[in-house]
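Colleague: Return a 3D structure for these sequence lines:
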Amino acid sequence: MFDFNSENQFAHASARVVALRREKQSLQARQRDIYESHRHRAFSVAYYMTGNELEAEQILENTFVTAFRAAEEPSAQDVDAALIEQLQQRFPLHSAAPPVMISTNGYDLSGRNVKRTDLEEAIQELSTPERLLFLLRDVEGYTSAAIAELLRVPEAQVKRSLFAARIHLRQAIAELQSGEEKAA
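Modeller: Next up, the predicted model:
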């Protein structure tokens, strides 16, 4: 027999609609939290890689579009992988690192204060792969193993390249500071 009591049918359908609406709002709130918790880190890396605020914003947007397409609630690793994917589209991240010159004659920075502007300028002097490694390890605090996994390269390569990046960074800072001393 048919139940022609449409009130019961509408009440049941209405309860389902309300439950679906609440679930959708809950998912949106969780996604907003994911975005807010990773936005600053992703933008910072993108900005230091590009040196351009508008391009960094575009990378940030594409990073989260990619991450949310891959998973409704992407993890930090998913966001990082999407960020690296976006950076790899703009920069040759797997190019060979320049040879490391171990001699640091004239580049002793001990006892000197490094101005933030000098550091930021020196970071921009690094090659693209070195800059990314430095940012991920020394600015964002990733382990060498995590960086290796993220970039899909051996950890030993990450450590060697990071060593080279730090030496090149010291050289660039020392050159900037010696230029300032000469100008003064």
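Colleague: Which segments of the chain make up each domain?
Modeller: Following automatic domain parsing, the chain resolves into domains at 6-90, 116-183.
Colleague: Would you mind measuring from the residue nearest the centre of the chain to R32?
Modeller: Nearest to the geometric centre of the chain sits A42, at 3.8 Å (Cα atoms, centre = their mean). To R32, A42 is 15 Å away according to Cβ to Cβ, to the nearest Å. Placement of C-beta: from N, CA and C, glycine included.
Colleague: same deal with E55?
Modeller: Going from E55 to R32 by Cβ to Cβ gives 24 Å.
Colleague: Quick check: chain neighbours aside, which residue is closest to Q157?
Modeller: Excluding its sequence neighbours, the residue lying closest to Q157 (Cβ to Cβ, 6 or more residues apart in numbering) is A148, at 7.4 Å.
Colleague: can you pull the contacts of the one you found?
Modeller: Residues near A148 by Cβ atoms under 8 Å, 6 or more residues apart in numbering: P154, E155, Q157, V158.
Colleague: could you redo the last one with a cut-off of 7 Å?
Modeller: Counting by Cβ atoms under 7 Å, 6 or more residues apart in numbering, A148 touches P154, E155, V158.
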